[in-house]
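Novice: Got a predicted structure here, sequence first:
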Amino acid sequence: MSASVSVQYAARVAAGKIERDSAQQRIVDRLAKLETELAEQRLARKSSSLGWLFGSRERVPIKGLYMFGEVGRGKTMLMDLFFAASSVVRKRRVHFHEFMAEVHERVHVLRQKAKLGEVSGEDPIGVAAAAIAQEAQLLCFDEFHVTDIADAMILGRLFKRLFELGVVVVATSNVPPTELYKDGLNRSLFLPFIALIEEHMDIVQLEARTDFRLEKLAGAPVWYVPADAAAAAALDQAWRRLTAGHAGEPQALMVKGHTIHVPRATMGVARFSFHDLCGEPLAAADYLKIAREYHTIMIDHVAAMDYDRRNEAKRFIILIDTLYDNAVKLVASADAEPDALYRADEGFEAGEFKRTASRLIEMRSEAYLALPHGPGHAVASGSMQGLVDT
């Protein structure tokens, strides 16, 4: 357990790592209250397990916190400070989509065991929720958003049981609960889940001010040539600036029934090798998932390409178009400057790569870095359909 969330935040301000922000301070104060409530609950349980059963005071459920606001406002940082400060022993901090992938796997295993008669046929979602509650009394979710109908259809039952079992939830999101799964298929079936959130969590908005990612990237290079040891060290330093020193961990993204393995990610920043993104048979949908999931992508050693490496070049073209269309920030080391990366005159890729080089140069500009993460600021020219031979 670290110092309290209030002390940690004040220390960061005092050290000049962040500027004091009144909107952030309000969130810190609310998190500090939750920190105290959880600590008091833990002490009460330790002092007398029977006190809650026979005492005159009825235990009041502790409400969690749902923080929403624009990308780059520091929501994840604040949640991580709270998580580090919490005295709760059984606690977990996880990316929401990773958590849901685990839930689906648990439910699948339970259903298979029920078919074989190894477990009872009771509701597998309730059983999964009970197991999760045994593992964690406090769940902290980063990037809480719902786009998958499979997730949407089980969230109500899952979280109803978690809340019944006393699990406290803290979450960050870019949208208020009322906009979750917006325009989704059968959304009317999802609305009870929104009501659950509003009942069991305080909803707080972190108002717009400064995009803290832009502050971290401003004045520093984002494209390092050549891709040598010095460039690798520079990317390591950029990672530390962007993630407040968090090491990051592997994550898994689900896309159309398969998994994209993310080697290292935290706080909306993901780091890949060039081979991870362009040497593997990824498609446009995979790149779109990555672009929607992370506000900043770091790539180690973007290789120079020629006609013999045209499939890597095709994937790289799609990747950059997708990152650009979603205003994802890119920090990379490379064999060459953008206009010298593709070293062949023949083939479809040679013409397409001119656009890619132009976009890579624009993505280094202050104007691009100031754009909010998300689709809509530009439309890539040219068709990407059927571009990659997989």
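Specialist: Yes, it's here.
Novice: what's the helix or strand for residue 239?
Specialist: Assigned by DSSP states H and E, residue 239 falls within helix 229-243.
Novice: I'd like the next helix or strand past that helix.
Specialist: strand 249-255.
Novice: Mind giving me the packing neighbours of that following strand?
Specialist: helix 96-115, strand 258-266, helix 284-293 (3 or more CB pairs under 8 Å, 6 or more residues apart in numbering; DSSP states H and E). C-beta here means a position set from N, CA and C on the backbone, and glycine is covered the same way.
Novice: Could you list the buried residues of the last one?
Specialist: The neighbour-count check on helix 284-293 (16 or more other CB atoms under 10 Å) flags 284, 286, 287, 288, 289, 290, 291, 292, 293 as buried.
Novice: Check the gap between the residue lying closest to the last one once chain neighbours are set aside and residue 104 for me.
Specialist: It stands for residue 293. Leaving aside its chain neighbours, residue 293 sits nearest to residue 253 (6.1 Å; criterion: CB to CB, 6 or more residues apart in numbering). Distance, residue 253 to residue 104, using CB to CB, to the nearest Å: 13 Å.
Novice: Same question for residue 13.
Specialist: Using CB to CB, we find residue 13 at a distance of 41 Å from residue 104.
Novice: cool, residue 31 as well?
Specialist: 30 Å.
Novice: Which of the two has more residues huddled nearby?
Specialist: Ranked by neighbour count (other CB atoms under 10 Å), residue 31 and residue 104 place residue 31 first, with 25 against 15.
Novice: Not counting its neighbours along the chain, what's nearest the more buried one?
Specialist: Leaving out its chain neighbours, the residue that sits closest to residue 31 by CB to CB, 6+ apart is residue 82, at 4.3 Å.
Novice: mind listing what the one you found touches?
Specialist: 5, 31, 34, 35, 140, 170 (CB atoms under 8 Å, 6 or more residues apart in numbering).
Novice: Over to residue 260?
Specialist: Going by CB under 8 Å, 6+ apart, the list of residues near residue 260 reads 252, 253, 254, 282, 286, 289, 290.
Novice: Ok, residue 27 next?
Specialist: 67, 75, 78, 204, 206.
Novice: now with 10 Å?
Specialist: If you count contacts by CB atoms under 10 Å, 6 or more residues apart in numbering, residue 27 has them with 5, 9, 21, 65, 67, 69, 73-75, 78-79, 81-82, 204-206.
Novice: How about residue 358?
Specialist: Contacts of residue 358 by CB under 10 Å, 6+ apart are 320, 324, 338, 339.
Novice: Farthest-apart pair in the residues you listed, please.
Specialist: 324 and 339 (16.0 Å; CB to CB).
Novice: Next, find the distance separating residue 226 from residue 10.
Specialist: Counting by CB to CB, the gap from residue 226 to residue 10 is 42 Å.
Novice: picking that back up, restricted to strands, list the contacts of residue 27.
Specialist: 65, 67, 69, 204, 205, 206 (DSSP state E).
Novice: what would these look like in a markdown table with pLDDT?
Specialist: Below are the ones in strands among the contacts of residue 27 laid out as a markdown table (pLDDT from 0 to 100):
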| residue | pLDDT |
| --- | --- |
| 65 | 97 |
| 67 | 96 |
| 69 | 87 |
| 204 | 95 |
| 205 | 93 |
| 206 | 89 |
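Novice: if we can go back for a sec, I'd say the residue nearest to residue 293 and residue 263 touch.
Specialist: No - using CB atoms under 10 Å, residue 253 is not in contact with residue 263; the gap is 12.0 Å.
Novice: Give me the more crowded residue out of the two.
Specialist: Between residue 253 and residue 263, counted using other CB under 10 Å, the more crowded position is residue 253 (21 against 14).
Novice: Across the sheet, point out what pairs with the more buried one.
Specialist: Counting by DSSP bridges, residue 253 is bridged to residue 260.
Novice: distance of it from residue 116?
Specialist: 31 Å.
Novice: Then residue 290?
Specialist: Counting by CB to CB - residue 290 and residue 116 are separated by 37 Å.
Novice: again with residue 179
Specialist: From residue 179 to residue 116 the distance is 41 Å (CB to CB).
Novice: out of those two, which sits in the more crowded spot?
Specialist: Each of residue 179 and residue 116 has its neighbours counted (other CB under 10 Å); residue 179 has more, 14 against 7.
Novice: Is it correct that that one is in contact with residue 147?
Specialist: No - using CB under 10 Å, residue 179 makes no contact with residue 147, being 11.9 Å away.
Novice: Find me the pLDDT at residue 142, would you?
Specialist: Listed pLDDT for residue 142 reads 87.
Novice: residue contacts, it?
Specialist: Contacts of residue 142 (CB under 10 Å, 6+ apart): 75-76, 79-80, 83, 93-99, 170-173, 265-268.
Novice: With residue 122 instead?
Specialist: Contacts of residue 122 (CB under 10 Å, 6+ apart): 110, 114.
Novice: Confirm it sits in a strand?
Specialist: No - assignment of residue 122 by DSSP: H, G, I helix; E, B strand; the rest coil gives coil, placing it outside any strand.
Novice: Would you verify that residue 298 is located in a strand?
Specialist: Yes - Residue 298: assigned to a strand according to three-state DSSP.
Novice: what bridges to it?
Specialist: Beta-bridge partners, per DSSP bridges, of residue 298: residue 271, residue 331.
Novice: Also residue 139?
Specialist: With DSSP bridges applied, the residues forming beta bridges to residue 139 are residue 92, residue 169.
Novice: Residue 148 reaches residue 100, doesn't it?
Specialist: Yes - the pair residue 148 / residue 100 is scored as a contact, 7.5 Å apart, by CB under 10 Å.
Novice: quick one: stretch 96-107 to chain centroid distance?
Specialist: Put simply, stretch 96-107 sits 15 Å off its chain's centre (CA atoms, centre = their mean, to the nearest Å).
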